[in-house]
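Provide a 3D model corresponding to the input given below.
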Amino acid sequence: MADINAENSGQRAALTSAGSHAEPEAAGDAVPPALVSFMELFYFAYRNFTSDPDAILERYGFGRAHHRVLHFVHRNPGLKVAELLEILKITKQSLARVLKELREKGFITQRPGPDDLRERRLYLTPKGVRLTDKLTELQVRRIAGALREAGSQADEVTRRFLLAMIEPQERDQVASLVRWSGTEITEP
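Sure, this is the predicted structure:
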């Protein structure tokens, strides 16, 4: 087994050259440790951000893909399936499986479009709204607490940081989906 903690990239290259998968060229010491720390904090923050909803979703046999569908349909009632595919950047096959499970368990409905009956429009059922509201409440509470703890300017700095993490060509689309509701953060 290869030592992933090899001291230098030459050792890492030698260790992987015998394997069937070549390792991408390592940045090595060029990667600032502070940025690696930010990356790790991002992983841990995301883990905690999703942990409470994950526990609830698990009771229904759902996962994070179900959560994302519920969230965006709740925020955009009547969303077209094609629009949801574009938002989530997943395959039709993946979305079809998730939608089927959500429909069969009574969390989402699908209706034809008002002008084009071939369109499939998505809506949450009252049961879907209740679940989504509970999941949102948990995550909003965590975000509100973190922003409060981070200080008075944290909300705007965080908003700019997160938007900057998104690919430049996607920022306008994402900004149009996200509804900014002022800068005051309150806990539900």
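
Using CSV, write down the CA coordinates of stretch 141-161.
Taking Å, rounded to 0.1, in the frame of the first residue of the first chain, the C-alpha atoms of stretch 141-161 are listed here in CSV:
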residue,chain,number,x,y,z
ARG,A,141,-31.0,28.4,12.6
ARG,A,142,-27.4,27.1,12.1
ILE,A,143,-26.6,29.8,9.6
ALA,A,144,-28.1,32.6,11.7
GLY,A,145,-26.1,31.4,14.8
ALA,A,146,-22.9,31.3,12.8
LEU,A,147,-23.4,34.7,11.3
ARG,A,148,-24.2,36.2,14.7
GLU,A,149,-21.1,34.6,16.2
ALA,A,150,-18.9,35.8,13.3
GLY,A,151,-19.8,39.5,13.8
SER,A,152,-21.7,42.4,12.4
GLN,A,153,-20.3,42.4,8.9
ALA,A,154,-20.4,38.6,8.4
ASP,A,155,-23.6,38.4,6.5
GLU,A,156,-22.5,40.6,3.6
VAL,A,157,-18.9,39.1,3.5
THR,A,158,-20.3,35.6,3.6
ARG,A,159,-22.8,36.4,0.8
ARG,A,160,-19.9,37.8,-1.4
PHE,A,161,-17.6,34.8,-0.5
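
what kind of secondary structure is the nearest residue to residue 175 once chain neighbours are set aside in?
The spatially closest residue to residue 175, leaving aside those adjacent along the chain, is residue 163, at 6.8 Å (C-beta to C-beta, 6 or more residues apart in numbering). Every residue, glycine included, has its C-beta placed from N, CA and C. Assigned with DSSP: H, G, I helix; E, B strand; the rest coil, residue 163 falls in the helix class.

wouldn't residue 163 be in contact with residue 171 here?
Yes - counting by C-beta atoms under 8 Å, residue 163 does reach residue 171; the two are 6.0 Å apart.

what residues are up against the residue nearest to residue 175?
Residues near residue 163 by C-beta atoms under 8 Å, 6 or more residues apart in numbering: 171, 174, 175.
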